[in-house]
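Enquirer: Sharing a model prediction with you, sequence too.
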Amino acid sequence: MSDRRQDIRRALDRFHMEEARALAAEELAENPSAEAYYLASLAALNHGQRMDYLRKALELDAEYAPAVEELADMQPPQPGGKTKRDAEAAPAPKLAGISRRFLALIIDAFAIAIVTVAIMAANGAMEPLYAALYETDDAAVAAAFNQFQSDMLGVNLLVSALYNVGLMTWLNGQTLGKLMLRIRVVKKNGRRFSVIDGLLRNVFGYTISQIFLLGYLWALYDDEQQAWHDKMAGTVVVDERQRAAG
């Protein structure tokens, strides 16, 4: 491997995308190869450019495994052995209704709350609160309650992050609530839901969407019913019942 291609990989590992793109452009100008085009695809500015680089990599080496695998991952799934023409003619997935998405959120919140309380109880964090209930000093009761609230908030945020990211990665866009309501979060580019997607959508995205609930309200008026966290992660929420019927 050339020194420049090693430099591209190091830049990608450090998420220095502008540096990776500049190095890839130099490598393609001087020594175009399947590997060079593949590395350029990893630093591409958008989905279309990435697809273009991968196709050029395969033009130079049709069996270059990393490009073959990456391009396959980026193609929308075609279940049931349907041809590409059949898949293109099929109707677009039906978006999940806002009410079902809200119910799924409630189910998930309930599950997260149960786990949070169980962890708090197991760690003895609730004992000071129980003890304070027998105090006659209102200030002591208030202090114990405030401490319990603070501890519970921290545990709840951690459990929520692990729950959403873990389940949505493992179940490819579903949590317990979404599984029960038969809805799924899918990537618009057709790729499988990843840990990075989970962090972007369900941790950072949720935090932004919860500002006065504006990010959630946005979905009511958006053409694709995307909340702000969906916009950030490039996802939409679809109705699994229609997909199963198809």
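Expert: Perfect, thanks for sending it. Being a predicted model, the structure only gives us computed values, none of them experimental.
Enquirer: rest of the way, CA atoms for contacts and neighbours
Expert: Will do.
Enquirer: which is the next helix or strand following the helix or strand bottoming out on mean pLDDT in the chain?
Expert: None of the helices or strands of the chain scores lower by mean pLDDT, DSSP states H and E than helix 84-89, at a mean of 46. Following helix 84-89 in sequence order, the next helix or strand is helix 98-122 (DSSP states H and E).
Enquirer: Show me what that next one packs onto, helices and strands only.
Expert: Contacting helix 98-122 under the criterion 3 or more Cα pairs under 8 Å, 6 or more residues apart in numbering; DSSP states H and E are the following elements: helix 138-170, helix 176-181.
Enquirer: So for R101, which of the ones you listed sits nearest?
Expert: Nearest to R101 among the helices and strands packed on helix 98-122 is helix 176-181 (7.4 Å), distances taken as Cα to Cα.
Enquirer: tell me the mean pLDDT for that closest one?
Expert: Helix 176-181 shows a mean pLDDT of 95.
Enquirer: What lies in contact with the next helix or strand after that helix?
Expert: For helix 176-181, the succeeding helix or strand toward the C-terminus, using DSSP H and E, is strand 183-187. Outside strand 183-187, the residues within contact range by Cα atoms under 8 Å, 6 or more residues apart in numbering are 96, 100-101, 172-174, 178, 192-193, 233-241.
Enquirer: now the angle from strand 183-187 to helix 98-122?
Expert: Going by axes from the mean of the first three to the mean of the last three Cα atoms, to 10 degrees, strand 183-187 is angled at 100 degrees with respect to helix 98-122.
Enquirer: Next, the angle helix 138-170 makes with strand 183-187.
Expert: Following the same axes, to 10 degrees, one obtains 70 degrees for the angle between strand 183-187 and helix 138-170.
Enquirer: Each with direction, which strands does strand 183-187 pair with?
Expert: strand 235-239 (antiparallel) (DSSP bridges).
Enquirer: how does the protein divide into domains?
Expert: Domain assignment for the chain, taken from automatic domain parsing, gives 3-74, 98-245.
Enquirer: any chance of these in JSON lines, plus mean neighbour count?
Expert: Below are the domains of the chain laid out as JSON lines (neighbours: other Cα atoms under 10 Å):
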{"stretch": "domain 3-74", "mean neighbour count": "18"}
{"stretch": "domain 98-245", "mean neighbour count": "17"}
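Enquirer: just to revisit the earlier point, figure out which of the helices and strands packed on helix 98-122 is closest to I208.
Expert: Nearest to I208 among the helices and strands packed on helix 98-122 is helix 138-170 (14.2 Å), distances taken as Cα to Cα.
Enquirer: Identify the residues contacting R50.
Expert: Residues near R50 by Cα under 8 Å, 6+ apart: 40-44.
Enquirer: Without its sequence neighbours, what residue ends up closest to D197?
Expert: Leaving out its chain neighbours, the residue that sits closest to D197 by Cα to Cα, 6 or more residues apart in numbering is A233, at 5.9 Å.
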